[in-house]
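> Please find the sequence and the predicted model below.
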Amino acid sequence: MATLTNAEVDALKIENFIFHVVHHGADDPILFDDTPLATFEQFFIDRIKETLKGNKFLFKVNSQVKEKLESWEKGEHSFVDISKNLARQFHRVGDKRMKTGVLIVIGLKTNNRKLYSLIKYDSEKVVTFTRQGAKAILQAVTNNFTESPKALQKSALIDLKADEAEVVIIDRMSRSGISDFYQNFLGVERLRNPKEMTSDLVKAVRKTVKAHAEELPRAITSKVSDKIIEIAKARKEFEADGFFADFFGLKASEDIRQTFDRELDGLKLTGEAFEYDEDELPLSEDKKFVTSEGIRITMPARAKGQLDVQHTDEETIITIRTSRLQEL
């Protein structure tokens, strides 16, 4: 899925489209036989493009969603029947916390590739008005689709023929992962774990800094590990835009961002958001000190905790703990 080219993204066309009302308080969803797309194809294509920025998953062996889509692809059941089946399944596993909305089922094509999209859109109450002479009449509209990112709660883009990353997912309830409800509905598991992704992120950052070492200040080039650790402690979860802004600050440029994105893509991190694995974060950089008498001290990162510094009004006391001291 991550291999969709720009040309393939631009060529996306909707071949099948329908939605059903879910999580509206009743025992069963409200099902439709037809929902003509009319002139709104581009609106939904744009929502699908947003999903390409999501996290990557694989179907589990017993995924009911995968089985149903494969049945549709083989012509064993009609598109409408499969969409209703999926809506019943989605509605059944929801709970009272789920907002009323629709489950949109879409069949897509780009060149010779067949894709599928499942989107849960929440209904948001919108106040509009009509004009009657010099009077404005307010009207409440509940059943609507908006471009608000908050309205698109859950979205999955599926490629049944992909070797890996069969499903790209955005779940607003858990941007760095997926809610238990949605994971159980789709029957998926994460393509890569946080340990692997944290390790690769560190590699991507180091390669980016190395590529732009001449234009970056020493405050960045000499403190790569420390800055990564600082950001991870502050945010807990990686998200590319936020991380890039935090790490490079005012020195960020379009060229550096292109390098960073290229490194992320090469390590299969494009679009991924995840919780940092603390064990894969780098060690702090070596710390260097110099006294007023000219004595220089270098404390390697691995020796953290072996050097103690206490300041008083008159002096600074430095204590180094070691199992053995050698004269060089």
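Thanks, I have the structure now.
> Could you list the low-confidence segments of the stretch 1-150 of the chain?
Along the stretch 1-150 of the chain, the parts satisfying pLDDT under 70 run over 1-3, 94-97, 124-131, 133-150.
> can you give me the helices for it?
Applying DSSP state H, counting those that start in this stretch to the stretch 1-150 of the chain gives helices spanning 6-10, 41-51, 64-73, 79-92.
> Burial check on residue 65, number of neighbours?
By other Cβ atoms under 10 Å, the residues close to residue 65 number 23. Where you see a C-beta, it was placed from the backbone N, CA and C, and this is true even at glycine.
> Quick check: the gap between residue 269 and residue 196.
10 Å (Cβ to Cβ, to the nearest Å).
> More neighbours: the two, which one.
The neighbour comparison of residue 269 against residue 196 (other Cβ under 10 Å) goes to residue 269, with 23 against 17.
> Let's verify the more buried one: helix, strand, or coil?
Reducing the assignment at residue 269 to three states with DSSP: H, G, I helix; E, B strand; the rest coil gives coil.
> Now do the same for it: its pLDDT.
We have a pLDDT of 93 for residue 269.
> what ranges do the helices span in the stretch 201-328 of the chain?
Counting by DSSP H, counting those that start in this stretch, the helices of the stretch 201-328 of the chain are 218-221, 224-235, 240-248, 254-266.
> who wins for proximity to residue 172 among those?
Closest approach to residue 172 among the helices of the stretch 201-328 of the chain is made by helix 240-248 (16.1 Å; Cβ to Cβ).
> Would you mind pulling the contact partners of the closest one?
201, 205, 216, 220, 227-228, 231, 234-235, 252, 256-257, 260-261, 264, 269, 271, 273 (Cβ atoms under 8 Å, 6 or more residues apart in numbering).
> Repeat that for stretch 72-79.
16, 18, 68, 71, 82, 85, 105, 107, 114, 160.
> For the fourth one, grab the count of nearby residues.
Right, residue 71. 14.
> Can you name the residues that contact it?
Contacts of residue 71 (Cβ under 8 Å, 6+ apart): 77, 82.
> As JSON lines, the helices of the stretch 201-328 of the chain with mean neighbour count, distance to residue 52 and mean pLDDT would be great.
Below are these laid out as JSON lines (neighbours: other Cβ atoms under 10 Å; distance: least, Cβ to Cβ, whole Å; pLDDT from 0 to 100):
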{"stretch": "helix 218-221", "mean neighbour count": "12", "distance to residue 52": "30", "mean pLDDT": "88"}
{"stretch": "helix 224-235", "mean neighbour count": "17", "distance to residue 52": "23", "mean pLDDT": "92"}
{"stretch": "helix 240-248", "mean neighbour count": "16", "distance to residue 52": "13", "mean pLDDT": "96"}
{"stretch": "helix 254-266", "mean neighbour count": "16", "distance to residue 52": "12", "mean pLDDT": "95"}
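> quick one: which of the ones you listed is nearest residue 61?
Closest approach to residue 61 among the helices of the stretch 201-328 of the chain (Cβ to Cβ): helix 254-266, 29.1 Å.
> Just the CA coordinates for that closest one, please, in PDB.
Output in PDB follows, covering the C-alpha atoms of helix 254-266 (Å, rounded to 0.1, in the frame of the first residue of the first chain):
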ATOM      1  CA  GLU A 254      12.300  22.500   2.900                       C
ATOM      2  CA  ASP A 255      15.600  20.800   1.900                       C
ATOM      3  CA  ILE A 256      16.100  19.300   5.300                       C
ATOM      4  CA  ARG A 257      12.400  18.200   5.400                       C
ATOM      5  CA  GLN A 258      12.700  16.500   2.000                       C
ATOM      6  CA  THR A 259      15.800  14.600   3.200                       C
ATOM      7  CA  PHE A 260      14.000  13.600   6.500                       C
ATOM      8  CA  ASP A 261      10.900  12.400   4.600                       C
ATOM      9  CA  ARG A 262      13.100  10.400   2.100                       C
ATOM     10  CA  GLU A 263      14.900   8.700   5.000                       C
ATOM     11  CA  LEU A 264      11.600   7.900   6.700                       C
ATOM     12  CA  ASP A 265      10.300   6.500   3.400                       C
ATOM     13  CA  GLY A 266      13.400   4.300   2.900                       C
END
